[in-house]
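Trainee: Predicted model and sequence follow; I will ask about them next.
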Amino acid sequence: MELFNSFQDAFWDKRFWLAPNVTWDDLRNTEDSDMYMAQPRDLWVVIPCACVIFAARSIFERFVATPVGEYFNIPAKKVYAPKNDILEKAYKQNANPDYKDVEALSKQTDRTEKHIQRWFRRRRNQDRPTTMTKYTETAWRCFFYLGIFLYGLATVTQKSWFWDVKDCWRNHPKQHVPADVYWYYMIELGFYTTLLFSQFADVQRKDFWEQFIHHIATISLMSFSWSVNYVRVGTLILCLHDAVDYLLEGAKLARYMNMRTLCDTLFGVFTFMWAATRLVVYPYVILWTTGVDSYAIAGNSFSIGLFNVLLWVLQILHVFWFIMIMTVLIKALAQGKVDKDVRSASEESCDDLTEDSKSSSSTSITDKTKASTNGSSHTPLKKD
């Protein structure tokens with residue numbers, strides 16, 4: 001117990017967390033005061049919030065997204081490869097055989113090479129999630145991102161620091177946290193906590209580990225900013241990231257429902273908004289105020305330095321994902337179409353499993369850009 005207490009005292013050392021001349025006693029709430037300041041123990045609320053969000057997701061996907069998907073004829077069944085012991089054994093050894101392997105298997109099974117290739121495509125897709133699964137996951141993220149963005153926008157636009165960013169640091173850390181801001185933070189933290197764990201069960205993308213780092217950075221930033229009452233600037237970062245995530249998810253939903261024009265329109269708006277918010281506003285407003293205004297107004301501390309490091313980690317991820325987005329966009333403009341998601345672990349659509357595949361003529365820009373925004377994007381102190 002003594003060792004634990006020593007560790008606790010060292011961890012909460014005010015020289016790390018707080019600016020000079022500020023102590024933890026200064027941040028304690030009193031019964032005779034109407035001011036409520038963020039407390040580290042508040043973060044326990046995130047656990048029940050995450051549980052409620054998990055339950056809400058299950059209900060939404062089952063009773064809302066799935067019926068809508070069925071209405072738009074979203075494929076819910078897998079196409080299974082015909083049983084063949086020889087090919088199954090070869091598949092377990094190598095799921096992507098080269099030409100020589102296909103030729104050998106063709107002779108061994110007395111099947112055409114085209115049949116062997118089609119069997120392997122179908123067998124690979126057999127191990128992958130259905131389109132309906134991807135649709136319901138996307139629908140949930142789109143629903144949540146849009147809802148939390150509207151709530152966040154309605155919340156922060158009523159605050160002084162939205163109109164004057166320097167208000168994020170005036171009188172810091174003795175700043176009141178209103179109830180709407182409190183729940184905005186807790187709900188967002190709960191959502192990103194669910195993403196951190198559900199990512200291992202959801203449809204996986206090529207940027208799996210980038211998304212994982214993104215979620216860790218998001219949760220760390222939000223928890224850290226709450227503990228030292230960097231809540232005001234935190235709400236700005238949350239709202240800024242939420243402003244684009246629902247557009248990408250909406251574009252993917254449009255693609256699943258074969259609304260190609262709407263899909264590409266939403267993707268175009270998303271690309272513009274992504275560049276504007278994460279490559280312009282974020283560095284020139286957020287990083288500037290945390291890197292310059294905070295020191296000038298609130299004073300120097302080790303914690304604000306660490307806070308800035310984490311914010312720059314997010315900015316690096318922003319650049320990484322924007323390169324992916326532009327790769328898709330440039331290829332789409334050059335070819336007039338895009339064949340598959342640069343991030344997706346999935347391959348051919350079920351159409352590709354037929355001899356007269358027509359999937360290449362029915363793909364769209366957005367399928368290739370399932371960026372983070374997975375909820376992403378989610379990106380704040382982040383989604384994505």
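Mentor: Ah, there it is. Residues are numbered from 1 along each chain as shown.

Trainee: Run through the neighbouring helices and strands of the single longest helix found in the chain.
Mentor: For the chain, the longest helix by residue count, based on DSSP state H, is helix 302-335. If you count contacts as 3 or more Cβ pairs under 8 Å, 6 or more residues apart in numbering; DSSP states H and E, helix 302-335 packs onto helix 14-17, helix 208-227, helix 260-276. C-beta here means a position set from N, CA and C on the backbone, and glycine is covered the same way.

Trainee: Dump the ones you listed to CSV, plus mean neighbour count and distance to Tyr99.
Mentor: Output for the helices and strands packed on helix 302-335, formatted as CSV (neighbours: other Cβ atoms under 10 Å; distance: least, Cβ to Cβ, whole Å):
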stretch, mean neighbour count, distance to Tyr99
helix 14-17, 15, 60
helix 208-227, 21, 30
helix 260-276, 18, 34
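
Trainee: I'd like to know which of those helices lies nearest to Tyr80.
Mentor: helix 208-227 (26.1 Å; Cβ to Cβ).

Trainee: helices or strands next to the helix or strand just after the closest one in the packing?
Mentor: Using DSSP states H and E, the helix or strand that follows helix 208-227 towards the C-terminus is helix 231-256. For helix 231-256, the contact count by 3+ Cβ pairs under 8 Å, 6+ apart identifies helix 131-156, helix 160-163, helix 179-198, helix 208-227, helix 260-276 as packing neighbours.

Trainee: can you tell me the average pLDDT over the second one?
Mentor: Per-region confidence: helix 160-163 scores 96 on mean pLDDT.

Trainee: So which bits of that helix are buried?
Mentor: When neighbours are counted by 16 or more other Cβ atoms under 10 Å, the buried residues of helix 160-163 are found to be 161-162.

Trainee: Does it pack against any helices or strands, and if so which?
Mentor: Contact partners of helix 160-163 among helices and strands, from 3+ Cβ pairs under 8 Å, 6+ apart: helix 231-256.

Trainee: and the helix it packs on, what's its mean pLDDT?
Mentor: 94.

Trainee: One more: stretch 201-211?
Mentor: Stretch 201-211 shows a mean pLDDT of 71.

Trainee: end-to-end on it?
Mentor: Separation of the first and last residues of stretch 201-211 by Cα to Cα, to the nearest Å is 14 Å.

Trainee: still on that earlier bit, okay if I get the helices and strands packed on helix 302-335 as TSV plus distance to Thr66?
Mentor: Below are these laid out as TSV (distance: least, Cβ to Cβ, whole Å):
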stretch	distance to Thr66
helix 14-17	46
helix 208-227	24
helix 260-276	21
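
Trainee: who wins for proximity to Val52 among the ones you listed?
Mentor: Across those, Val52 has its closest neighbour in helix 208-227 (17.1 Å, Cβ to Cβ).

Trainee: now that closest one against helix 231-256, angle please.
Mentor: Computed by axes from the mean of the first three to the mean of the last three Cα atoms, to 10 degrees, the angle separating helix 208-227 from helix 231-256 equals 150 degrees.

Trainee: other SSEs contacting helix 208-227?
Mentor: Looks like helix 208-227 contacts helix 179-198, helix 231-256, helix 302-335 (3+ Cβ pairs under 8 Å, 6+ apart).
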